[in-house]
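Asks: Just to be clear, the model below is a prediction. Sequence and coordinates:
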Amino acid sequence: MPVNCALIGSGNIGTDLMYKLLRSELLNPVWMVGIDPQSEGLFRARRLGLKATDQGVDALLPHIDRDGVRIAFDATSAYCHRDNAEKLAGRGVKMVDLTPAAIGPYCIPPVNLEEHVLAQEPNVNMVTCGGQATIPIVHAVSRVQPVEYGEIVATTASKSAGPGTRKNIDEFTRTTARAIERIGGAKRGKAIIILNPAEPPMVMRDTVHCLLRDDPDEAAIRASLLRMEAEVQQYVPGYRIKEGPVFDGLRVTTFLEVEGAGDYLPTYAGNLDIMTAAAARAGEVVAAQFMEPAVAEASR
Amino acid sequence: MNLAGKEIILHDMSLRDGMHSVAHQFTVEQMVALATALDRAKVPMLEVTHGDGLAGTSITYGFGRHSDEEYLKAVVPKMRHSKVSVLLLPGIGTVEDLKMAEGCGAHTVRVATHCTEADVAEQHIGYAAKQGFDTVGFLMMAHMIPAEDLARQAELMVSYGANCIYVTDSAGYMLPGDVSEKIGLLRGRFAAEIEIGFHGHHNLALGIANSLAAVEAGANRIDGSVAGFGAGAGNTPLEVFAAVCDRMGIITGVNLDAIMDAAEDVALPIMGQPTRISRDALILGHAGVYSSFLLHAKRAEQKHGVPSRDILTELGKRKTVGGQEDMIEDVALEMLRARG
């Protein structure tokens, strides 16, 4: 039986995630929580058979046990997540945090997902959309040889950046930069985000620069990057290395393009997709653990 | 055009936008020398930051020779007349960087966004205003949208706490009529205590004409750089504009002899090569491309053999915005591939 879950936040990310959870064989979205009665996301959730409230997370609390909610995906904002996490703590609900609040450890699925699940973390943080797109690449380089400095530029269409992202722009740059270090494996990290309003909207693109300590082993880095591209493509089929790697002295630069599945926003919004697809994947691994306690027990 | 008796504030960009001219490689000594020369000329404001704003030091935009903090700490205590401003682009710098600038004694914070994206500046404008900074909202690439849309973005910035709004012609693309319309609309939209500014680039040699149009339409802060400093073909040439203001009876408070000396004797020797309106700079101005792309496109030409004019033209077609310097190598590689 799939595991019941709740979506907190009915904006772009929460709504896109809903479609991915509805397709999952392991996850069953039963609630969507918003704060705006006019929210398009809540309207769609009701139409698709979810229970929905515009009264915030407090309105969900009485239903957690009755509806068997075991996993909550939080797609609100960094500030709201701190509150939400507090309210759901102790209710046995695992949190997958899609805000840059980062209370729990960072999770980039192709790099460290299993690690967190085995560690039974109550709250995992999905970093940022830019982080989900670029940190696998930093890691793909750093697993070959030491990266002194990793820098990413994430450029997304203005239309795909909702009010939460805009209010949280400092949190985006800080959280992404830290995760480039902790998960990407760069000694120092830096993140830049750009919004572009061009019409028709541009497909999400990212540039990943790594400065190496020693001369690059070009063949090994190329091979590692291709392996990583294939891993990410398992859950985001529109993810691709567009140009590069470019080798310029100690600099290795990779240019990425992320086309979305077009669930809620059109396909240009790859930033949404890579975030929600990574969160859904994290949720599925957590769910598998609920479903097979014997397996989880044995693995310890 | 009778502007006699108007009082305006000149804001020097040589040490910030001018950083692009030297690939962010000013020595602290050079910066202090030029800042003190401008201070002697009683230029009321000057900006000290990496060319791409606080925390702009990066592979993407170029590493600064020194940190923003080192430059600010060296310049601010030496100023007797000039107030020092810092620039911040949300998405590159953060409120943490503003706190650093605050500690260094900066007087003005200018928060820059693309002209359609004012709402990413709420945190930064709000913080600066709360701390009592002279707080400026800086709407870049202002040529790209109609005046009414620009005014709505300006209203957002004012609602966050900005006391001054800039129409920023980052591409040096605007014509005087466009400047008049946009500045005029903003001037009429806000109460008198909200100041209006204009930041020009000289890619079409319209820096002076556009700045005069701005003053006529109600702007009271005008940006410029001495000796041709600034991205692309430089900003509005400030020593020239000071002389024009003098002729027209516009009151700037700037000592004309001293600013000419600052330009000729201090700034010019620091430049690698004198600025001129090169073919590439003209393309920026004609196609509406962010001026800072110029030197990056030249580097891409050297590394990948794709002509910089083709790269810049393509970047214009794709409607790239300020900060997208990482697109330059990407586009060069794509063009290289297309050529087989």
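Replies: Yes, it's here.
Asks: Show me which residues of the stretch 1-150 of chain A are close to chain B?
Replies: By the rule CB under 8 Å from any CB of the partner chain, the part of the stretch 1-150 of chain A lying against chain B is A:Tyr149. Heads up, the C-betas are built off the backbone N, CA and C, glycines and all.
Asks: Could you check which residue of the stretch 1-150 of chain A lies nearest chain B?
Replies: A:Tyr149 (7.8 Å; CB to the nearest CB).
Asks: so the residue nearest to that residue when sequence neighbours are not counted bridges to which residues?
Replies: The shortest distance from A:Tyr149 to any non-neighbouring residue, by CB to CB, 6 or more residues apart in numbering or on different chains, is to A:Leu211 (4.2 Å). Residues in a beta bridge with A:Leu211, per DSSP bridges, are A:Tyr149, A:Arg251.
Asks: Now for A:Leu211: which residues touch it?
Replies: A:147-151, A:250-251, B:59 (CB atoms under 8 Å, 6 or more residues apart in numbering or on different chains).
Asks: before we move on, the earlier item: from what I can see the residue of the stretch 1-150 of chain A closest to chain B touches A:Gly184, true?
Replies: No: taking contacts as CB atoms under 8 Å, A:Tyr149 lies outside contact range of A:Gly184: 10.7 Å.
Asks: Could you pull out the strands in the stretch 1-150 of chain A for me?
Replies: Assigned by DSSP state E, counting those that start in this stretch, the stretch 1-150 of chain A shows strands spanning A:3-8, A:27-33, A:51-53, A:71-74, A:94-97, A:123-125, A:147-157.
Asks: Quick one: mean pLDDT over the third one.
Replies: Read it as strand A:51-53. Strand A:51-53 carries an average pLDDT of 97.
Asks: What is that strand packed up against?
Replies: With contacts defined as 3 or more CB pairs under 8 Å, 6 or more residues apart in numbering or on different chains; DSSP states H and E, strand A:51-53 has these neighbours: strand A:27-33, helix A:40-47.
Asks: Single out the most deeply packed of these.
Replies: strand A:27-33 (a mean of 23; mean count of other CB atoms under 10 Å in any protein chain shown).
Asks: who does that one touch, helix- and strand-wise?
Replies: Using 3+ CB pairs under 8 Å, 6+ apart: strand A:27-33 touches strand A:3-8, helix A:12-23, helix A:40-47, strand A:51-53, helix A:270-291.
Asks: got the angle for it vs strand A:3-8?
Replies: Per axes from the mean of the first three to the mean of the last three CA atoms, to 10 degrees, the angle that strand A:27-33 makes with strand A:3-8 is 30 degrees.
Asks: how far does strand A:27-33 sit from the chain's center?
Replies: Distance of strand A:27-33 from its chain centroid, counting by CA atoms, centre = their mean, to the nearest Å, is 18 Å.
Asks: and the angle from that strand to helix A:40-47?
Replies: Using the same axes, to 10 degrees: strand A:27-33 against helix A:40-47 is 130 degrees.
Asks: what lines up beside strand A:27-33 in the sheet?
Replies: Under the rule (DSSP bridges), strand A:27-33 has strand A:3-8 (parallel), strand A:51-53 (parallel) as partners.
Asks: Quick check: mean pLDDT of the first one?
Replies: The pLDDT scores in strand A:3-8 average 97.
Asks: And stretch A:27-44, by the same measure?
Replies: 96.
Asks: Just the CA trace of it, in CSV.
Replies: Below are the C-alpha coordinates for stretch A:27-44, written out as CSV (Å, rounded to 0.1, in the frame of the first residue of the first chain):
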residue,chain,number,x,y,z
LEU,A,27,3.3,7.7,-2.4
ASN,A,28,-0.4,8.7,-2.1
PRO,A,29,-1.0,12.5,-1.7
VAL,A,30,-4.1,13.0,0.5
TRP,A,31,-3.8,16.6,1.7
MET,A,32,-2.8,19.9,0.3
VAL,A,33,-2.4,22.8,2.7
GLY,A,34,-2.4,26.5,1.6
ILE,A,35,-3.1,29.9,3.0
ASP,A,36,-4.8,31.6,0.1
PRO,A,37,-8.4,30.6,-0.7
GLN,A,38,-7.9,31.8,-4.3
SER,A,39,-4.9,29.5,-4.8
GLU,A,40,-4.9,27.7,-8.1
GLY,A,41,-3.0,24.8,-6.5
LEU,A,42,-5.8,24.2,-3.9
PHE,A,43,-8.4,24.3,-6.6
ARG,A,44,-6.5,21.7,-8.7
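Asks: right, so the strands of the stretch 1-150 of chain A: which one is the most enclosed?
Replies: It is strand A:71-74: most buried of these by mean count of other CB under 10 Å, with a mean of 27.
Asks: what residues does that one touch?
Replies: Strand A:71-74 is contacted by residues A:3-9, A:14, A:17, A:21, A:27, A:80-81, A:84-85, A:88, A:93-99, A:279, A:283, A:286-287, A:290 when judged by CB under 8 Å, 6+ apart.
Asks: just to revisit the earlier point, what's near enough to touch the residue of the stretch 1-150 of chain A closest to chain B?
Replies: The contact partners of A:Tyr149, taken as CB under 8 Å, 6+ apart, are A:186-190, A:209-211, B:59.
Asks: Low-confidence stretches in the stretch 201-340 of chain B?
Replies: Along the stretch 201-340 of chain B, no part satisfies pLDDT under 70.
Asks: Residue numbers of it in contact with chain A?
Replies: B:303, B:318-321, B:323-324, B:326-327, B:329-330, B:333-334, B:337.
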